[in-house]
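Visitor: What follows is a predicted structure for the sequence shown.
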Amino acid sequence: MMLRYALQTVRDRKAGFLGAFVALLCAAALITACGTLLETGLRGRIATERYAGTPLVVSADQNVHQTTVKEKKGKTKTKHKAKPVAERAWLPASTLETVRAVPGVERAVPELTFQAVPVLGAPADPARPSYGHAWTSAVLTPFTLAEGRAPQGGDEVVIDRALAARAGLAAGARLTVQATGEPKTYTVSGIARTGHGDLGRQTSLFFSDAEAERLAARAGQVTAIGVLPRPGTDPGRLAGQVRQALAATPQGATARVAAGDDRGPVEFLDAAGARIKLVSMGGAMGGTSLLVAILVVVGTFALSVQQRHRELALLRAIAATPKQLRRMIGREALLVGLAAGLAGSLAGLPLAAWLHGRFVGSGVVPATLERTAGIFPMFAAVGASLLGAWAAARITGRRIARIRPAEALAEAAVERPRPSWIRTLAGLLLLAGGVVLVVVLGSLRTEPASTPVTFLAVVVLAGAVSLLGPLLVRLATALLAGPLRLAGPGGRLATANLRGNATRMASAVTPLTLLIGMTCTVLFVTPTLGDAARAQAREGVRAQWVVTAQGPGVSPATAERIRRTPGVTAATEIVHTSVRVGLTKYAAQGVTPAGLTRTWDPEVTRGSLDGFGENSAAVSELAADQLGLKPGSPLKLTLGDGTPVTLTVSAVYGRGLGFGDLTLPHGLVAAHVDNPLAASVLVAAQPSVGRERLAAPGLAVLSAAQADAARAERQAAGAEINLLAMGLVLAFTAIAVVNTLAMSTAERFREFAMLRLAGAKRRQVLRMLRTETLAVLLIGAVLGSGISLAVLTAFSVGMTGVAAPAVLPLVYGVVVGAAGLLALAATALPGRAALRLRPVEVATSKA
């Protein structure tokens with residue numbers, strides 16, 4: 001019986017359920033998109049290119065491992081954890097003989113992979129990196145010569161067909177390449193191609209074996225070993241035999257054997273590392289999206305049930321039991337949730353594809369990590385829609401179902417003067433929870449820990465606004481009553497509506513608060529951290545000039561030339577990486593020790609940089625506090641390529657945001673990174689040394705102000721990525737604003753008709769509506785801005801030590817202005833549509 005009523009109600013009141021349907025559809029699409037990103041990080045395929053012709057690949061372990069043993073209640077528990085290193089780990093060359101000796105191995109081919117960037121005049125495409133190899137490893141793809149011959153000396157190179165076509169090169173042409181040292185000009189001895197087309201995600205250059213070993217600068221090591229089985233040998237069985245053979249050798253603990261799809265992560269380390277980033281990003285976006293969706297859907301259903309208050313009260317008055325009403329409302333919600341969930345999950349697939357494409361285009365996710373479009377995110381979206389709709393309907397319909405029949409119609413005519421004590425108590429609890437999150441945020445000092453708490457605090461505080469909304473609207477109305485009277489009759493009518501329909505107005509305030517609060521937080525959280533880092537770097541760099549390269553970096557020979565330039569007092573080469581202390585990841589930089597204190601000042605608080613040498617390390621105060629370090633302490637860490645070292649802490653500094661958590665010797669870091677070239681060279685010089693004395697082809701000489709501007713550009717790029725990551729949540733919130741305001745306005749046609757019959761003109765009703773909307777916008781802007789300011793201030797205190805949130809007035813004005821335009825449009829359009837109805841006809845239908 002109740003199911004039939006539910007179907008009939010949904011069919012007859014399509015407009016009333018449209019708002020709930022739109023909210024649930026958007027929520028399902030958002031959950032599907034975020035779930036697809038999460039699944040891509042977990043199961044996304046990384047297809048191989050270079051190793052397409054070799055069934056087995058032996059490589060070094062790319063992880064740092066940690067095993068802990070705990071005893072609890074007489075039982076021993078062993079936990080093993082692993083985290084990836086930042087650079088490519090290399091194998092000892094002696095591994096090659098072990099692999100060759102395994103029965104069934106036809107050929108074991110050593111592979112060298114190192115950066116080799118063609119100097120073509122135009123900037124290199126970061127989405128298509130260029131690598132150098134030895135010609136003997138061309139068989140791993142396999143590459144064959146399309147023209148010319150193999151490289152026979154140290155001044156010849158074979159290039160792939162795609163590079164030849166792109167640069168207009170042929171056999172016999174001259175090509176300048178920069179690898180791990182100075183640029184060198186080679187003769188193109190041949191053009192290589194593969195049998196399955198050009199490589200789509202990298203450029204390959206092949207050198208003679210001796211030249212490749214020189215350029216790789218990894219004596220006695222290889223990147224990987226390609227294993228070609230004998231005819232008739234099963235690759236799976238051979239992989240097991242190779243593993244057994246390696247396990248019996250000293251290097252076996254660090255060697256891994258990959259077959260099938262496992263070869264892709266060996267070839268594309270950035271794609272393998274992006275899995276973790278995508279899982280983290282997808283989880284954070286999905287969690288925030290789910291919380292926002294719950295808040296929006298509950299608010300939408302609350303408004304929908306409130307609009308049907310009279311209808312539900314009539315059912316209650318004609319003897320419908322509370323159980324029957326709850327069952328009917330729940331089934332209506334399930335019908336709407338199922339339809340919206342199915343449609344939203346399908347709409348979420350192209351949305352996920354678009355978002356993945358944007359992440360690839362911005363460099364956050366490499367193109368080598370293929371998007372996975374599974375059914376699990378769709379099932380999760382449909383399930384979340386059903387559960388959210390049912391829970392929202394039960395929560396919002398709970399009170400009308402329990403009301404006494406004699407009171408039902410009377411209460412339906414007039415809104416309750418105050419919300420229920422349960423709602424108020426829940427709102428106060430959420431408010432307290434939000435305050436606790438803000439306090440906790442002020443004590444967090446790392447970005448990975450602060451970011452999720454930041455957005456969670458905004459959602460929780462917005463939830464408190466949703467529950468306490470009627471009280472907040474009445475309080476705000478009391479404060480705005482005076483100014484609203486100045487707007488004439490429309491202002492007085494707006495004041496009366498705000499005061500008498502506080503619950504309805506609160507349903508519009510909540511999404512506006514969430515939209516403004518979330519948008520301001522997303523836009524200003526990166527500048528808050530970036531401005532502090534830029535200020536520390538600006539204050540700490542003493543060098544007059546900063547030299548950077550237009551190619552992959554500044555070579556040691558170029559840095560030495562700068563160092564010997566008359567008038568130059570110090571030149572500090574800087575190379576960046578990340579290291580792990582235990583399993584914790586820290587940003588690190590390598591600096592040349594000579595003249596270090598003349599080029600930069602990281603604000604040393606303990607110890608000294610005067611004796612900084614090849615076995616020294618300087619650490620930020622944050623790292624020192626986390627690791628319990630002080631000057632003279634030993635620091636055990638794992639370098640970017642997995643090499644463990646122990647250094648001695650010589651200094652602790654305060655400008656960790658500007659200079660990273662760990663500072664290490666340049667020579668040590670450069671020997672264990674994929675790109676040993678300096679990212680920049682800080683040059684301290686006498687005033688007579690001008691830009692022209694340091695300039696050279698391929699170099700950019702920046703002043704301190706220009707270097708700061710370059711850092712600002714990189715910060716803006718980071719802010720764009722952050723906005724892209726949370727853009728779907730913000731778009732959903734904006735849709736919720738329009739949806740809720742449109743629903744709230746469209747159902748007021750009877751009220752507008754009564755005003756028209758009482759003598760109000762159409763333009764006066766519209767003026768009243770605009771005044772109400774501006775008042776609601778003002779309340780939402782104040783609450784949203786207050787939430788964002790509190791959260792950003794706590795974030796700033798935790799991350800920078802000072803309460804200095806970066807709020808850009810122009811950007812803030814655009815945010816509030818855009819929210820105002822959305823609100824005015826969402827009320828004006830349905831308001832004008834409602835006023836087209838003849839007042840007499842509306843009054844008659846009401847009777």
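Guide: Looks like it came in fine. On a predicted model such as this, the values are computed, not experimentally measured, just so you know.
Visitor: what's the burial count for residue 236?
Guide: 11 (other CB atoms under 10 Å). Heads up, the C-betas are built off the backbone N, CA and C, glycines and all.
Visitor: for residue 240, same thing?
Guide: Using other CB under 10 Å, residue 240 has 12 neighbouring residues.
Visitor: Would you mind measuring from it to residue 259?
Guide: 10 Å (CB to CB, to the nearest Å).
Visitor: now do residue 786
Guide: Here the criterion is CB to CB. By it, residue 786 lies 57 Å from residue 259.
Visitor: mind listing what residue 451 touches?
Guide: If a contact means CB atoms under 8 Å, 6 or more residues apart in numbering, then residue 451 has 284, 525 as its contacts.
Visitor: again with the one 5 residues further on
Guide: By CB under 8 Å, 6+ apart, the contact list for residue 456 reads 287, 288, 291, 437.
Visitor: How far away from the center of its chain is the host helix or strand of residue 597?
Guide: Element membership for residue 597 (DSSP states H and E) is helix 596-599. The chain centroid and the centroid of helix 596-599 are separated by 36 Å, computed with CA atoms, centre = their mean, to the nearest Å.
Visitor: Can you name every helix or strand that that helix contacts?
Guide: Applying 3 or more CB pairs under 8 Å, 6 or more residues apart in numbering; DSSP states H and E, we find helix 596-599 packed against strand 568-581, strand 680-685.
Visitor: Just the mean pLDDT for the first one, thanks.
Guide: Okay, so that is strand 568-581. Taken as a whole, strand 568-581 has a mean pLDDT of 94.
Visitor: Restrict it to CA atoms and write it as PDB.
Guide: Only the C-alpha atoms of strand 568-581 are listed here, as PDB (Å, rounded to 0.1, in the frame of the first residue of the first chain):
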ATOM      1  CA  VAL A 568      82.500  36.100  -7.700                       C
ATOM      2  CA  THR A 569      83.100  35.200  -4.100                       C
ATOM      3  CA  ALA A 570      81.000  32.000  -3.900                       C
ATOM      4  CA  ALA A 571      78.800  29.900  -6.100                       C
ATOM      5  CA  THR A 572      76.500  27.300  -4.400                       C
ATOM      6  CA  GLU A 573      75.100  24.500  -6.600                       C
ATOM      7  CA  ILE A 574      71.700  23.200  -5.400                       C
ATOM      8  CA  VAL A 575      70.200  19.800  -6.400                       C
ATOM      9  CA  HIS A 576      66.800  18.700  -5.000                       C
ATOM     10  CA  THR A 577      65.600  15.300  -4.000                       C
ATOM     11  CA  SER A 578      63.700  13.500  -1.200                       C
ATOM     12  CA  VAL A 579      65.100  11.000   1.300                       C
ATOM     13  CA  ARG A 580      63.600   8.800   3.900                       C
ATOM     14  CA  VAL A 581      64.500   8.600   7.600                       C
END
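Visitor: Show me how far that strand is from its chain's centre.
Guide: 27 Å.
Visitor: same thing with stretch 64-72?
Guide: The answer for stretch 64-72 is 31 Å, by CA atoms, centre = their mean.
Visitor: Now do the contacts for residue 275.
Guide: 41, 42, 44, 369.
Visitor: what sits against residue 161?
Guide: 146, 191, 192, 193, 198.
Visitor: Nearest to residue 164, out of those: which one, please.
Guide: When these are ranked by distance to residue 164 (CB to CB), residue 191 comes first, at 4.9 Å.
Visitor: remind me which residues of the stretch 401-550 of the chain are low pLDDT?
Guide: Counting by pLDDT under 70, the ranges of the stretch 401-550 of the chain that qualify are 401-419, 487-488, 490, 500, 502.
Visitor: Please enumerate the strands of it.
Guide: Residue ranges of the strands in the stretch 401-550 of the chain, as given by DSSP state E, counting those that start in this stretch, are 545-549.
Visitor: what about the helices in it?
Guide: Assigned by DSSP state H, counting those that start in this stretch, the stretch 401-550 of the chain shows helices spanning 405-413, 421-441, 447-485, 489-500, 502-540.
Visitor: again with the stretch 201-350 of the chain
Guide: For the stretch 201-350 of the chain, applying DSSP H, counting those that start in this stretch gives helices covering 209-216, 235-247, 263-267, 269-307, 309-317, 322-362.
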